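1. Turn this into a structure:
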Amino acid sequence: MTAPLVTILDDEPAIRSMLADALTEAGFRTMSFGRATEFEAALKTATPDVCLVDLSLPDKDGLTLVHRLALEQGATVIIISGRAQVQDRVTGLELGADDYIIKPFDPAEVVARIRARLRRGQSQPQSGNTARFNGWTAHFDSYILENEAGEETPFSHAEGEVLRLFLERPKRLISRAVMQETLGGAAGESFDRAMDVRISRLRTKLREDPKNPRLIKTIYGAGYIFLGDVSWS
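-> Next up is the predicted model:
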């Protein structure tokens, strides 16, 4: 079995070297890049399992890159940044990142978070990679929502985690605590706001009426409930 591939995008050579050493020792394959253009070129031939992305890059905006990665790649995206403000973390998660690690950090923590993310990804496909519900088909292998007319709408890896959580628990209340425990991340305002944004985006992609959604209902003070009928294959 091939070891998972982790790409490291950071303009500081010392950080790239430190992360590569820790990840290699932990059994991962790594590729390191100091510029976004080099990283994007490598993605044409490489398929990483996890992308570690610094926000302060010399040639491109890191947040824009995170958003594109989340929409176009099936990889887990983890931001590593010196920006410690809550709003920076919220913005990164809203744009599709799966996790946010603040510099300075312990390399062992990065390894642990990567392993936790990959374990969640490996445990999810038990129900299948394709779900059908209320005229929609969700393709979790290609991150595509397809309607009855065959029109396709992409969704991010992070949005997919939330959608799968709903589709695996139809017509059951899902509390914030369950979401935090299942999806990972630190509980608190930034996690809650990131979940609100991801659910809002899923509703938009499912063409829900924001004032009266039919599928993803908010149960105020309790959580959410998905009201569709779901079949997996």
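
2. which element is the residue nearest the centre of the chain on?
-> By CA atoms, centre = their mean, the chain has its centre lying nearest to residue 158, at 2.9 Å. Assigned by DSSP states H and E, residue 158 belongs to helix 157-168.

3. So which residues make contact with that helix?
-> Residues outside helix 157-168 that contact it (CB atoms under 8 Å, 6 or more residues apart in numbering): 70, 73-77, 93, 96-98, 120, 124, 127, 131, 133, 138, 140, 143, 155, 174, 179, 182-183, 194-195, 198-199, 201-202, 205, 216, 224, 226, 228, 230, 232. C-betas here are computed from N, CA, C, even on glycine.

4. Just the buried subset of those residues, please.
-> Among the contacts of helix 157-168, those classed as buried by 16 or more other CB atoms under 10 Å are 70, 73-77, 93, 96-98, 124, 131, 133, 138, 140, 143, 155, 174, 179, 182-183, 194-195, 198-199, 201-202, 205, 216, 224, 226, 228, 230, 232.

5. Distance check, the residue lying farthest from the centre of the chain against residue 119.
-> No residue in the chain sits farther from the centre than residue 149, which is 27.4 Å out by CA atoms, centre = their mean. Between residue 149 and residue 119 the distance is 37 Å, computed by CB to CB, to the nearest Å.

6. How about residue 46?
-> On the measure of CB to CB, residue 46 and residue 119 end up 22 Å apart.

7. before we move on, what about residue 8?
-> As judged by CB to CB, residue 8 and residue 119 stand 20 Å apart.

8. Which one's more surrounded, the two?
-> Ranked by neighbour count (other CB atoms under 10 Å), residue 8 and residue 119 place residue 8 first, with 25 against 11.

9. For that one, which three-state class applies?
-> Secondary structure state of residue 8, per DSSP: H, G, I helix; E, B strand; the rest coil, is strand.

10. Just the buried positions in stretch 16-32, please.
-> 16, 18, 19, 20, 22, 23, 26, 28, 29, 30, 31, 32.

11. And the residues you listed, which two are furthest apart?
-> Spatial extent of those (CB to CB) is set by the pair 18 and 29 at 16.7 Å.

12. follow-up on the earlier one: in what element of secondary structure is the residue farthest from the centre of the chain found?
-> Using DSSP H and E, no helix or strand contains residue 149.

13. dump the residue contacts of it.
-> No contacts exist for residue 149 under CB under 8 Å, 6+ apart.

14. Could you chop the chain up by domain?
-> 5-123, 128-232 (automatic domain parsing).

15. can you put those in TSV and add mean pLDDT?
-> Shown next, in TSV, are the domains of the chain (pLDDT from 0 to 100):
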stretch	mean pLDDT
domain 5-123	87
domain 128-232	87
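
16. ranking those domains by burial, who's on top?
-> domain 5-123 (a mean of 18; mean count of other CB atoms under 10 Å).

17. and it, how far from the chain's centre?
-> The gap between where domain 5-123 is centred and where its chain is centred comes out at 11 Å by CA atoms, centre = their mean, to the nearest Å.

18. Use 686 as the first number from now on
-> Shifting the count to begin at 686 puts that one at domain 690-808.

19. Looks like residue 718 contacts residue 726 (just checking).
-> No. Contact criterion CB atoms under 8 Å: residue 718 and residue 726 do not qualify, at 9.0 Å.

20. How much space separates residue 724 from residue 785?
-> 19 Å.
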